[in-house]
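Undergrad: sequence and predicted structure, then a few things I'm wondering about:
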Amino acid sequence: MEYLDILDDKGDKTREVRSYEDAHKKGLIHKSVHVWLLDSNNQLLIQKREKNQRAYPGYWDISASGHVSTVETSLEAAIKETKEELGIDVKESEIKYLFTVMESIVLNKGSYVNNEFQDVYVVRKNLDINQVKLADGEVEAVRFINIEEFKRWTNGEGEQMVPHEEEYKKLLEYI
């Protein structure tokens with residue numbers, strides 16, 4: 001079972017620790033990481049979420065993402081999630097922190113409440129997509145998407161993307 005540090009509305013730890021399930025059932029604030037892989041052609045690697053996911057099944061999403069457990073830092077979680085979801089090893093020197101956004105959303109008729117600070121990272125790395133190893137039960141597919149197509153998709157013109165409007169805007173400003 002995964003345990004998360006509970007945060008206050010400023011993102012500071014409250015010293016309370018709860019299970020992943022409890023945090024999402026009660027809408028407690030916690031931290032997650034989002035990792036964007038960007039190649040030298042300015043193409044983003046995106047993943048399609050498995051259809052069994054509670055949040056946005058079958059939608060296209062960030063390269064890799066996950067929760068920051070009580071025993072790890074945000075950076076450690078970013079490196080771990082990239083390895084777990086995609087089978088890609090990322091060194092600390094390759095990963096760059098960009099910004100943090102707050103997301104509050106209620107899904108599945110109120111049974112899944114997501115209140116989290118999301119630390120967003122970028123990794124500039126050229127990858128052979130055939131070497132990506134998809135996490136069973138989490139990731140259905142991956143693909144590279146150029147920036148213009150990404151802009152269209154995030155504006156609702158194309159495949160369904162998980163709605164991270166503020167994050168997409170800030171990411172595009174960075175790129």
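TA: Now that the structure is in, tell me what you want to look at.
Undergrad: buried stuff in the longest helix seen in the chain?
TA: Using DSSP state H to define each element, the chain has its longest helix at helix 74-86. Under the neighbour-count criterion of 16 or more other Cβ atoms under 10 Å, helix 74-86 has 74, 77-82, 85-86 buried. Glycine gets a C-beta too; all of them are placed from N, C-alpha and C.
Undergrad: got CSV for the residues you listed, with distance to residue 8 and pLDDT too?
TA: Below are the buried residues of helix 74-86 laid out as CSV (distance: Cβ to Cβ, whole Å; pLDDT from 0 to 100):
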residue, distance to residue 8, pLDDT
74, 16, 97
77, 19, 97
78, 22, 98
79, 26, 97
80, 25, 96
81, 24, 95
82, 28, 96
85, 29, 94
86, 32, 95
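Undergrad: so which of the residues you listed would you say is closest to residue 101?
TA: residue 74 (13.1 Å; Cβ to Cβ).
Undergrad: surely that closest one and residue 33 touch.
TA: Yes - counting by Cβ atoms under 8 Å, residue 74 touches residue 33, with 5.6 Å between them.
Undergrad: tell me, what's touching the two both at once?
TA: Contact criterion Cβ atoms under 8 Å, 6 or more residues apart in numbering; residues shared by residue 74 and residue 33: 68, 119.
Undergrad: ok, which stretches of the chain are helices?
TA: Assigned by DSSP H, the helices in the chain fall at 20-26, 74-86, 147-154, 165-174.
Undergrad: could I get the ones you listed in a markdown table, plus columns for distance to residue 13?
TA: Formatted as a markdown table, those follow (distance: least, Cβ to Cβ, whole Å):
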| stretch | distance to residue 13 |
| --- | --- |
| helix 20-26 | 13 |
| helix 74-86 | 12 |
| helix 147-154 | 32 |
| helix 165-174 | 23 |
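Undergrad: residue 140: which of those helices is closest?
TA: Nearest to residue 140 among these is helix 74-86; the distance by Cβ to Cβ comes to 11.4 Å.
Undergrad: distance from the chain centre to that closest one, please.
TA: The chain centroid and the centroid of helix 74-86 are separated by 10 Å under Cα atoms, centre = their mean, to the nearest Å.
Undergrad: next: stretch 112-132.
TA: On Cα atoms, centre = their mean, the centre of stretch 112-132 falls 5 Å from that of its chain.
Undergrad: ok, now stretch 154-173?
TA: Relative to its parent chain, stretch 154-173 has a centroid offset of 13 Å by Cα atoms, centre = their mean.
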